[in-house]
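A.B. asks: show me how the following folds:
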Amino acid sequence: MATSSYSRVSTSVRSRAWSTRAKWTMLGGVVWAFMQPYRLTFLHPHGQGFWWLLSEPPLYVVLVGLAFAVFLAPALIQDLEEAEDAAEG
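C.D. replies: Predicted coordinates:
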């Protein structure tokens, strides 16, 4: 019985760890944007072309975190929980 509750606790900790990675990544992009606002050329687009305005590294970091949260993290968490359940039973 004790091993079952221990594995359930470790599963929830692992699941929480995977689900928070996307949030921390997005937060990192926002912090980067605030720390280096000169990188956000759409704030001062004088003389910049379309592709230069489209290429915003802090925004890329936020978009990658969002994509991870929407597309990858749910599937990874589900696979992790299925593997833990299979190991228990």
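A.B. asks: max-length helix in the chain?
C.D. replies: Ranked by residue count and defined by DSSP state H, the top helix of the chain is helix 2-35.
A.B. asks: pLDDT averaged over that helix, what's the number?
C.D. replies: When pLDDT is averaged along helix 2-35, the result is 77.
A.B. asks: list the helices and strands it packs on?
C.D. replies: Judged by 3 or more CB pairs under 8 Å, 6 or more residues apart in numbering; DSSP states H and E, helix 2-35 is in contact with helix 57-67, helix 73-88. C-beta here means a position set from N, CA and C on the backbone, and glycine is covered the same way.
A.B. asks: so who does the spatially most central residue of the chain touch?
C.D. replies: Per CA atoms, centre = their mean, the C-alpha nearest to the average position across the chain is that of residue 22, at 1.4 Å. When contacts are counted by CB atoms under 8 Å, 6 or more residues apart in numbering, residue 22 touches 65-66, 68-69, 73.
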